[in-house]
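Colleague: Any chance you could fold what I've pasted below:
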Amino acid sequence: LDIRVGTITKVEESKTRKPTWKMTIDFGEDIGEKISCGAYKNYEAITLLGQQVICIINLGKMKMGPEKSEVLVLGVSDKDYGTIPLTTAKPAINGQPIF
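Modeller: The predicted structure is shown next:
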């Protein structure tokens, strides 16, 4: 698996049946921006904007209704808060591999 860090640069409503955000994530100059549709609706869009998240970038495109998700934002489920995205503790360079 190719796991990288990226910064969420845009968050908008997705057109999927399930409540998800369509997030544009910047992985730096070499990889560029990728789209992810994720079940992070327990967060306001403004809260996600600018967050650095941990993603799997080599799973291929996944069709989610009319949307195409290019990367998977990793997260954990919490009974009180819904889905929590995995983030960095300190700023990292976009596109850096996770090891």
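
Colleague: Just the pLDDT for the residue nearest to residue 12 when sequence neighbours are not counted.
Modeller: Excluding the flanking residues, the one nearest residue 12 by C-beta to C-beta, 6 or more residues apart in numbering is residue 22, at 5.1 Å. For every residue, glycine as well, the C-beta is placed using N, CA and C. If you check residue 22, the pLDDT there is 94.

Colleague: Work out the sheet partners of the helix or strand containing residue 22 and label each with its direction, please.
Modeller: Counting by DSSP states H and E, the element that carries residue 22 is strand 21-26. Strand pairing for strand 21-26, using DSSP bridges, gives strand 3-13 (antiparallel), strand 33-38 (antiparallel).

Colleague: Show the subsequent helix or strand relative to the shortest one.
Modeller: It refers to strand 33-38. Per DSSP H and E, the first helix or strand lying C-terminal to strand 33-38 is helix 45-48.

Colleague: tell me the angle of the very next helix or strand once past that next one relative to strand 21-26?
Modeller: Going down the chain from helix 45-48, the next helix or strand is strand 52-56, by DSSP H and E. In terms of direction (axes from the mean of the first three to the mean of the last three C-alpha atoms, to 10 degrees), strand 52-56 departs from strand 21-26 by 90 degrees.

Colleague: helices or strands next to strand 52-56 in the packing?
Modeller: strand 3-13, strand 72-73 (3 or more C-beta pairs under 8 Å, 6 or more residues apart in numbering; DSSP states H and E).

Colleague: Contacts for the strand holding residue 22 next, please.
Modeller: Identification of contacts with strand 21-26 by C-beta atoms under 8 Å, 6 or more residues apart in numbering yields 6-15, 32-38, 40-41, 43, 45, 48, 53, 55, 67, 71, 73, 94.
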